[in-house]
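Enquirer: Sharing a model prediction with you, sequence too.
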Amino acid sequence: MPISEEDLIDVEHQLGRSPRAALSVAYRCPCGRPAVIENAPRLPDGEPFPTLFYSTCPRLNSAIGQLEGSGLMKELENQLSEDQELARKYELAHQDYLARRNDIEVLPEKLHFSAGGMPDRVKCLHALIAHSLAVGTGVNPIGDIALKVLPKWWESGACNNDK
């Protein structure tokens with residue numbers, strides 16, 4: 001279902017700017033507001049925009065930023081280099097991301113580029129967690145691991161309660 005005008009207003013408030021390629025809300029916070037949007041593979045001007053799932057909730061993004069600052073990405077990347085099964089599942093997550101984006105539009109110039117460092121690195125927990133939230137657990141193992149240690153960002157109230 002296309003993103004509603006109300007959701008676009010919420011996302012604009014969350015980001016402090018208009019979203020550039022929003023197609024739909026891929027995940028809602030428990031408060032009911034958008035937390036992850038699904039984007040078109042291209043911006044309106046035709047520029048490639050390969051970030052299919054984008055976290056918009058400021059509280060979620062703040063919590064993820066704290067995880068990134070804690071050194072978790074390096075720990076996860078070390079696990080990835082040591083655990084062949086984890087690496088295999090992460091490669092499958094990369095393929096899932098590409099397939100979902102290609103179902104909307106194939107980006108020849110970004111054909112093998114997904115998000116978050118997949119399939120070899122852990123570069124951006126925001127993208128990996130957004131992928132896990134959007135498609136559910138069991139698809140992106142690194143996003144799932146990070147989600148398990150992520151604080152419950154929604155517990156202090158609605159994400160846009162100052163709207």
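Expert: Cool, got the structure.
Enquirer: what's the single longest helix in the protein?
Expert: For the chain, the helix with the greatest residue count under DSSP state H is helix 84-104.
Enquirer: what sits up against that one?
Expert: 23, 40-41, 50, 52-53, 79-81, 107, 111-112, 114-115, 118-119, 131, 135, 139-143 (Cβ atoms under 8 Å, 6 or more residues apart in numbering). For glycine as for every other residue, the C-beta is placed from the backbone atoms N, C-alpha and C.
Enquirer: which of the residues you listed count as buried?
Expert: Buried by 16 or more other Cβ atoms under 10 Å: 23, 41, 50, 52-53, 79-80, 107, 114-115, 118-119, 131, 135, 139-143, out of these.
Enquirer: so where does the residue nearest in space to the middle of the chain fall, helix or strand?
Expert: In the chain, the residue lying closest to the centroid (Cα atoms, centre = their mean) is Ala130, at 2.2 Å. Per DSSP states H and E, Ala130 falls inside helix 125-135.
Enquirer: tell me the mean pLDDT for the following helix or strand past that helix?
Expert: Using DSSP H and E, the next helix or strand after helix 125-135 towards the C-terminus is helix 141-149. Taken as a whole, helix 141-149 carries a mean pLDDT of 97.
Enquirer: Kindly report the same for stretch 116-126.
Expert: For stretch 116-126, the per-residue pLDDT averages 96.
Enquirer: residues of it that come out buried?
Expert: Buried residues in stretch 116-126 (16+ other Cβ under 10 Å): 116-119, 122, 124-126.
Enquirer: can those go into JSON lines with extra columns for distance to Glu75?
Expert: As requested, the buried residues of stretch 116-126 are exported to JSON lines (distance: Cβ to Cβ, whole Å):
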{"residue": "Gly116", "distance to Glu75": "15"}
{"residue": "Gly117", "distance to Glu75": "14"}
{"residue": "Met118", "distance to Glu75": "17"}
{"residue": "Pro119", "distance to Glu75": "18"}
{"residue": "Val122", "distance to Glu75": "9"}
{"residue": "Cys124", "distance to Glu75": "15"}
{"residue": "Leu125", "distance to Glu75": "11"}
{"residue": "His126", "distance to Glu75": "17"}
